[in-house]
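*Asks:* The following block contains a protein sequence and its predicted model.
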Amino acid sequence: MWDAFLVSAVGLQAQKDQLDTIASNLANTNTVAYKRRTVDFSGLLDRSAAPAGASAQNAEATRLTQVRVDLVPGEVRPTGRPLDVAITGPGFIEVNLRDGRTAYSRGGSLQINEDGLLSLASGQVLKADIRIPAGSTAVEVLADGSVRALLKGDDKPTVLGQIELVNFTSSETLAPMGSGLFELRDVNAEPARAWPGEQWANPLSSGALEASNVRMVDEMVHLMLAQRVYELNAKVAQAADEMMGLTNSLRR
């Protein structure tokens with residue numbers, strides 16, 4: 001009888017994770033470069049994942065779900081703003097976090113911070129360390145990642161640096177950390193590097209932004225399925241409770 005309660009509890013928690021993930025996807029339908037999350041239930045079936053000496057209840061607690069990221073590119077939508085950058089294929093732009101770590105972004109609306117460095121709209125400076133001199137005009141990002149600007153007193157634009165793309169063999173290497181950024185799950189993972197338009201890297205789309213890859217219809221279908229499975233797991237607990245009550249009454 002207790003096994004039925006345990007199965008129901010694990011199922012309810014797993015579907016709660018699924019519902020939370022779907023809700024996050026729906027809330028970010030219009031977020032620039034957002035990558036939809038999916039829930040991996042394989043850990044629920046991995047009986048070998050339990051640590052030695054763990055109780056049955058604790059073992060189940062260690063085998064819940066894992067959220068994965070769907071890195072399928074979203075639609076590229078033109079904006080006309082020179083510092084808007086969309087990655088049209090695989091790859092990420094490296095940025096520096098304030099604590100010195102490296103994070104990865106799919107681009108977006110770039111800006112020039114107070115130090116003249118090119119950065120994301122959320123404030124993280126590009127690892128390419130591209131500095132825009134004061135008084136520069138006509139700053140733009142080209143398809144090959146080159147950043148150029150018309151310096152004060154010049155009549156021709158000057159290339160100030162180039163944005164490099166990095167990529168990983170598996171989406172499981174990256175974990176979302178909010179604000180459109182990703183961090184490495186495995187600090188020893190080495191990314192592949194390429195300039196936009198070379199090797200595996202597609203040219204950048206300047207003056208455009210990548211839309212979210214969330215499809216509303218798909219998420220609504222997943223939502224209905226998750227709600228239905230949640231209800232079925234709740235009925236398992238209800239049936240187990242009724243059977244336990246019946247057993248207790250027979251003992252009297």
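*Replies:* Nice, I can see it. Numbering: from 1, shown residues only.

*Asks:* Provide a list of residues in contact with the most centrally placed residue in the chain.
*Replies:* Centre of the chain computed as the mean C-alpha position; nearest residue by CA atoms, centre = their mean is residue 176, 4.1 Å away. Going by CB atoms under 8 Å, 6 or more residues apart in numbering, residue 176 touches 35, 37, 67, 69, 182. C-beta coordinates here come from the backbone N, C-alpha and C atoms, glycine included.

*Asks:* Bridged to the second one, which residues?
*Replies:* On DSSP bridges, the residues paired with residue 37 through beta bridges are residue 69.

*Asks:* so it sits right up against residue 24, yeah?
*Replies:* Yes: between residue 37 and residue 24 a contact is recorded at 6.1 Å, counting by CB atoms under 8 Å.

*Asks:* If any of the contacts of residue 176 are buried, put those into a PyMOL selection.
*Replies:* Remark: buried members of the contacts of residue 176, expressed as a PyMOL selection using 16 or more other CB atoms under 10 Å:
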select buried, resi 35+37+69+182
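
*Asks:* Hmm, which of the contacts of residue 176 is lowest in pLDDT?
*Replies:* Among those, residue 67 carries the lowest pLDDT, at 83.

*Asks:* Tell me where the stretch 51-200 of the chain has helices.
*Replies:* Using DSSP state H, counting those that start in this stretch, the helices of the stretch 51-200 of the chain run over residues 56-61.

*Asks:* For the stretch 51-200 of the chain, which residues score under the pLDDT cut-off?
*Replies:* 51-64 (pLDDT under 70).

*Asks:* redo that, cut-off 90
*Replies:* Scanning the stretch 51-200 of the chain for pLDDT under 90 picks out 51-69, 71, 153, 168-180, 185-190.

*Asks:* any idea how far the residue nearest to the centre of the chain lies from residue 17?
*Replies:* 14 Å (CB to CB, to the nearest Å).

*Asks:* Around the closest residue to residue 158 other than its chain neighbours, how many other residues sit close by?
*Replies:* Computed as CB to CB, 6 or more residues apart in numbering, the closest residue to residue 158 that is not its neighbour in sequence is residue 151, at 5.4 Å. Neighbours of residue 151 under the rule other CB atoms under 10 Å: 18.

*Asks:* mind listing what residue 151 touches?
*Replies:* 133, 135-136, 158.

*Asks:* Now for those: which two are most distant?
*Replies:* The span of the contacts of residue 151, defined through CB to CB, is set by 135 and 158 at 12.4 Å.

*Asks:* among the contacts of residue 151, who's most crowded?
*Replies:* residue 136 (19 neighbours).

*Asks:* Pretty sure it sits against residue 149.
*Replies:* Yes: using CB under 8 Å, residue 136 makes contact with residue 149 at a distance of 4.1 Å.
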